[in-house]
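Trainee: Have a look; sequence and predicted model below, questions after that.
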Amino acid sequence: MTITEAPPVTRPAGRRRMVWTGLVWVSLVPVAIWLVARTLGWSAGFWVQLLAFTPYVAVWSLVSVLAALATRRWAAAAVAAVIALGFALATVPRVIPDGDKGPSTGVELRVMTSNMLFGGADAAEIVRLVRENQVDVLAVQEFTEKAQQALTAAGLDRLLPFNQLAPEWGASGSGLYSRYDFADQSADRNDGEFQQAHAVVQVPGAGTVYVESVHPLAPATRDMVPGWSADLAAQVPAEGGVPKILMGDFNATLDHKQLRDLIDTGYHDAADTVGKGWIPTWGPFDGDPIPPVTIDHVLADDRIGVKDVRVHSVKDSDHRAVIAWLTLPAS
């Protein structure tokens with residue numbers, strides 16, 4: 001009697017193909033949902049925080065395209081390519097300078113915004129940035145009495161002698177410092193209980209310009225999202241009156257519809273305008289695994305030109321300072 005071995009059992013190739021096909025399609029679901037939610041401006045609960053990381057998801061969407069192509073799932077590759085294109089249309093313009101940056105001739109105004117992290121940011125470093133970049137107007141958030149004293153001791157009052165200050169303990173304080181005098185000035189508390197210092201600055205050769213230190217409530221928890229949304233909706237629109245500049249910690253990125261709606265009233269984001277809209281301004285820059293995001297902005301209305309933007313780290317703050325070179329219309 002002859003004994004023969006049974007042939008090895010192999011998994012049918014068709015089953016493996018079905019598994020791979022299923023995995024490729026499943027990988028497209030989260031990025032597709034993300035793109036739709038971002039496009040429609042859906043904002044609820046924890047999703048508001050996630051939206052800030054959209055540029056990272058945009059890069060990840062390319063992985064889905066490559067995976068579909070590598071496994072020859074052509075239909076999935078086509079869908080993945082459409083999704084990646086949607087992300088590209090939403091995010092890539094931020095790294096491409098606009099053809100129209102606004103007026104290129106007029107009076108230059110250099111502005112800077114810096115969140116001082118409960119007043120503990122290095123005041124000498126902020127003053128150094130003001131001095132070296134010849135900043136004309138400085139906006140500060142999370143501005144405390146201790147921070148005010150430190151900035152004064154570092155020599156800020158000699159560089160920018162005019163101010164509108166509303167220092168408070170914790171994160172709610174706000175301030176404006178200016179090289180030029182004010183025609184009007186005040187500080188108002190928003191619905192999120194943050195002060196927002198603002199003033200009409202008299203710029204020689206350019207008349208007046210409205211400047212505000214912006215700091216809406218952060219959407220840190222689900223119940224804070226309505227207040228965050230209301231604070232952004234309450235920001236001064238660009239149209240009408242004197243030219244306007246809003247700068248500060250907006251607690252929002254260009255992927256949040258609330259910020260885009262504000263910009264659509266007649267502003268342009270300075271960093272986005274010059275192709276530097278992906279430079280992160282907030283995050284744990286000391287090695288923490290949370291990816292940094294761009295929530296500090298300078299918004300200039302369309303009557304104001306943008307020449308350049310630079311972002312600088314500030315010791316003892318989790319925010320980077322943003323400096324913008326703007327061009328005001330001559331009076």
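Mentor: Received it, and whenever you're ready, just let me know what you need. Numbering: from 1, shown residues only.
Trainee: what sits against Leu217?
Mentor: Neighbouring residues of Leu217 by C-beta atoms under 8 Å, 6 or more residues apart in numbering: Asn190, Asp191, Gly192, Glu193, Phe194, Met224, Gly227, Trp228, Asp231, Asn251. The way it works is simple: take the backbone N, C-alpha and C, and place the C-beta from them, glycine included.
Trainee: These in helices, which ones?
Mentor: Among the contacts of Leu217, DSSP state H puts Gly227, Trp228, Asp231 in helices.
Trainee: doesn't Asn251 make contact with the second one?
Mentor: Yes - counting by C-beta atoms under 8 Å, Asn251 is a contact partner of Trp228 at 6.3 Å.
Trainee: quick one, which of these two is more surrounded?
Mentor: Asn251 (29 against 23; other C-beta atoms under 10 Å).
Trainee: Distance of that one relative to His319?
Mentor: In this structure, Asn251 and His319 are 11 Å apart, going by C-beta to C-beta, to the nearest Å.
Trainee: need the next SSE after the helix or strand bottoming out on mean pLDDT in the chain, C-terminal direction.
Mentor: Using mean pLDDT, DSSP states H and E, helix 13-40 stands out as the lowest-scoring helix or strand of the chain, at a mean of 79. Using DSSP states H and E, the helix or strand that follows helix 13-40 towards the C-terminus is helix 47-51.
Trainee: Check the spacing between Gly102 and Leu328 real quick.
Mentor: 10 Å.
Trainee: if I look at these two, which residues touch both of them?
Mentor: Contacts common to Gly102 and Leu328, judged by C-beta under 8 Å, 6+ apart, are Ile304.
Trainee: Compare neighbour counts for the two and give me the winner.
Mentor: Here Gly102 and Leu328 are compared on neighbour count by other C-beta under 10 Å; more neighbours surround Leu328, at 24 against 21.
Trainee: Spatially, what comes nearest to that one if we skip its sequence neighbours?
Mentor: Closest residue in space to Leu328, ignoring its immediate chain neighbours: Ala206 at 3.9 Å, by C-beta to C-beta, 6 or more residues apart in numbering.
Trainee: All good on my end, thank you.
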